[in-house]
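In: coordinates for the following, if possible.
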Amino acid sequence: MRFNRTFLCFLATLLATMPMSRASQFSNVTLTSLGGDLSVVVYLPSGIHSQERSYYYSSRFDHGSMIGSILRKTRDGTTHELYGTDMWRTPHNSNWPESGVGLASEFGVGDDGAFCFYRCGWNLESDISNGLLGYLEAKNGESFLKIGVGELVKGTCPACDSAEDYKFNSPYSFAKTPKWIMPSSTENSVSLEHEATLRNHGYRLRKDIILLSDVLTVTSTLTNLGTEAFSTAWYSHNFFTCDGTAPGPGYSVDLNLKGQRKVVYEEPGTWSWSTPIEEYADIGLGDPNKVQVRMDRAVESGVRIKAEFVNDDGTNGGFKIRACDVSIESSIPEVETSGLPMYAYNLYIERGTFSPEPQVLINVAPGESQTWTQRLVISDDSPAFEGYAQAAVGLLSIVPLDGDESGFPLLQRMFSFSMMLAFTTLLALMFQRTWNSYRQQQYTPISG
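Out: Alright, predicted model coming up:
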């Protein structure tokens, strides 16, 4: 009996001193690969596990796109957290429109107004919805639909006024509780689905999220359930930070933009709400098809930066972020394979995020669907392997390559051979560990 009490006291003390992750507080599914060296948290929308708290329940971002808290273990044994929850809009408030995480996406352009009627986006389109259906015909107090969110009540946001203009970043009241289901879940994937209809408008949204090796894919399928066609912009906010550090030296991104002979971008918010990007980063051309942004100064609290890049017919919406010995290479394959049109390409930076924002244009006729994919390759960029390779080159340089060993002492040759044998053994062990194909899924309920 004394042993049991002692053991329980020890266990209680251990649990009390262990840090509680943000993921454990909210309903989620955690996907893992690479033998546990890579994990991705999918925060579940409300209603799938009705007794658990949802990470996001507000009126801006797609509720099925809360994918983040990515842990990537590198060769040196360090685990880095990417797209974490400890920098953006803290303390967290699930009911605030901005309080998304990671790959949080929005149907719309991230600006006020229900529609863009003329010369919208790079291709100067017309009648582009800001992710809304039935907004213009609704009166204050009546319902409209926000794609990926559900049925909202017009005029209920704190920033709403008599002009009845849509305020993208102000919370609206829900007319109905949005309904999400989880049609399937396997050891390395999960699917989420939601639909909403109102008068002659409606949509169905499905998200298929798959983690295989170091590749994360998020495939969205949007179906028009209404009687009228609609067009809307879509983008992922990419709330990226690494290890809870503000964007600064060590952060960089290569944007898939030609830039031609110079980088061309606009900063319409400068001197009103945003700060010029060149005060915090070097921005220029790498190869002809990349705009490189290298942070050379840490972003302080209160600073906001937004660069809007001019039309580039050659981009596929891709980018590659590097920070803390990890790289994330993102692309939208359908831009190249299916002719999905780009709408715009922005870069947004705050202390809590380093966000490339390629935007695409979604056109859906009644009864038809549009599908597109975010593909992220999450790679280990730690210098450990490079150091081993350099050591191998150094060892090889000791051994004469011209066949003349007359002046090469026997002891030195034996030492070099032993070192090379040890190096080869170490490499074999590293590769065996890195390419372990075991994958599993772990579900973590909310804390009691």
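In: C-alpha only now, for contacts and for neighbours.
Out: Will do.
In: would you mark the buried spots in the helix or strand encompassing Ile283?
Out: Using DSSP states H and E, Ile283 falls within strand 281-285. For strand 281-285, burial by neighbour count (16 or more other C-alpha atoms under 10 Å) applies to 281, 283-285.
In: pull the residues that contact the next helix or strand after it.
Out: If you walk from strand 281-285 toward the C-terminus, the next helix or strand you reach (DSSP H and E) is strand 291-295. With C-alpha atoms under 8 Å, 6 or more residues apart in numbering as the test, strand 291-295 has contacts from 247-259, 263, 280-286.
In: separation between Thr186 and Thr32?
Out: Distance, Thr186 to Thr32, using C-alpha to C-alpha, to the nearest Å: 11 Å.
In: who has more neighbours, these two?
Out: Thr32 (26 against 11; other C-alpha atoms under 10 Å).
In: now the more buried one: which helix or strand?
Out: Assigned by DSSP H and E, Thr32 falls in strand 28-33.
In: quick one: average confidence on that strand?
Out: Mean per-residue pLDDT for strand 28-33: 96.
In: within its sheet, name the partner strands of that strand and how each one runs.
Out: Paired strands of strand 28-33, with direction, are strand 38-43 (antiparallel), strand 441-442 (antiparallel) (DSSP bridges).
In: in a markdown table, list the ones you listed along with mean neighbour count.
Out: Output for those, formatted as a markdown table (neighbours: other C-alpha atoms under 10 Å):
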| stretch | mean neighbour count |
| --- | --- |
| strand 38-43 | 25 |
| strand 441-442 | 16 |
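In: for Asn316, find the nearest of those strands.
Out: strand 38-43 (24.7 Å; C-alpha to C-alpha).
In: got the contact list for the closest one?
Out: With contacts defined as C-alpha under 8 Å, 6+ apart, strand 38-43 is touched by 23, 26-33, 54-55, 64-73, 211, 214.
In: centre of the chain to stretch 281-300, how far?
Out: Centre-to-centre, stretch 281-300 and its host chain are 19 Å apart (C-alpha atoms, centre = their mean, to the nearest Å).
In: may I have it as CSV, with CA atoms only?
Out: Taking Å, rounded to 0.1, in the frame of the first residue of the first chain, the C-alpha atoms of stretch 281-300 are listed here in CSV:
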residue,chain,number,x,y,z
ALA,A,281,14.0,42.4,-45.1
ASP,A,282,16.2,42.2,-48.2
ILE,A,283,14.0,41.6,-51.2
GLY,A,284,15.3,40.8,-54.7
LEU,A,285,15.7,38.3,-57.5
GLY,A,286,17.5,34.9,-57.1
ASP,A,287,17.1,33.1,-60.3
PRO,A,288,14.8,34.7,-62.9
ASN,A,289,11.7,32.8,-61.6
LYS,A,290,12.1,33.6,-57.9
VAL,A,291,11.6,36.6,-55.7
GLN,A,292,13.7,36.1,-52.6
VAL,A,293,12.8,37.7,-49.2
ARG,A,294,15.4,37.4,-46.5
MET,A,295,14.6,38.8,-43.1
ASP,A,296,17.5,40.8,-41.6
ARG,A,297,15.7,42.3,-38.6
ALA,A,298,13.2,40.9,-36.1
VAL,A,299,9.7,42.2,-36.4
GLU,A,300,8.6,44.0,-33.2
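In: what mean pLDDT would you report for it?
Out: 91.
In: ok, stretch 229-240 next?
Out: 98.
In: check stretch 158-171 too.
Out: Here the average pLDDT along stretch 158-171 is 93.
In: check contacts around the closest residue to Gly113 other than its chain neighbours.
Out: Excluding its sequence neighbours, the residue lying closest to Gly113 (C-alpha to C-alpha, 6 or more residues apart in numbering) is Tyr166, at 4.8 Å. The contact partners of Tyr166, by C-alpha under 8 Å, 6+ apart, come to 112-114, 160.
In: got the confidence number for the one residue sitting closest to the centre of the chain?
Out: Nearest to the mean C-alpha position of the chain, counting by C-alpha atoms, centre = their mean, stands Leu103 at 3.1 Å. Here, the pLDDT recorded for Leu103 equals 98.
In: list the contacts of the closest residue in space to it that isn't next to it in sequence.
Out: Residue nearest to Leu103 in three dimensions, not counting chain neighbours: Asn238, with 4.8 Å by C-alpha to C-alpha, 6+ apart. Contact analysis of Asn238 by C-alpha under 8 Å, 6+ apart lists 83, 102-105, 354-357.
In: distance check, the residue nearest to Asn123 when sequence neighbours are not counted against Trp234.
Out: Among residues not flanking Asn123 along the chain, Tyr343 sits closest, at 7.0 Å (C-alpha to C-alpha, 6+ apart). Note on Tyr343: its distance to Trp234, by C-alpha to C-alpha, is 8 Å.
In: anything in contact with each of those two?
Out: 359-361.
In: out of the contacts of strand 38-43, which end up buried?
Out: 23, 26-33, 54-55, 64-73, 211, 214.
In: quick one: the helices in the stretch 1-150 of the chain, in order.
Out: 2-17 (DSSP state H, counting those that start in this stretch).
In: so where's it shaky on pLDDT?
Out: Within the stretch 1-150 of the chain, the segments meeting pLDDT under 70 span 1-24.
In: skipping adjacent residues, who's closest to Gly110 in space?
Out: Gly110's closest residue in space is Phe168 (C-alpha to C-alpha, 6+ apart), at 6.6 Å.
In: what's the burial count for the one you found?
Out: 24.
In: is it true that it touches Phe107?
Out: No - checked against C-alpha atoms under 8 Å, the pair Phe168 and Phe107 is beyond contact range at 10.4 Å.
In: thinking again about what came up before, in CSV, list the strands paired with strand 28-33 along with distance to Asp313.
Out: As requested, the strands paired with strand 28-33 are arranged in CSV below (distance: least, C-alpha to C-alpha, whole Å):
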stretch, distance to Asp313
strand 38-43, 33
strand 441-442, 40
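In: and of those, who's closest to Asp381?
Out: Once the strands paired with strand 28-33 are compared by C-alpha to C-alpha, strand 38-43 is nearest, at 13.7 Å.
In: quick revisit: from what I can see the residue nearest to the centre of the chain touches Ile70, true?
Out: No - applying C-alpha under 8 Å as the test, Leu103 and Ile70 come out as separate, 10.7 Å apart.
In: shared neighbours, these two?
Out: Tyr83.
In: burial measure for the nearest residue to Phe115 once chain neighbours are set aside, as a count.
Out: Using C-alpha to C-alpha, 6+ apart and skipping the chain neighbours, the partner closest in space to Phe115 is Ser129 (4.6 Å). Look at Ser129: counted by other C-alpha under 10 Å, it has 21 neighbours.
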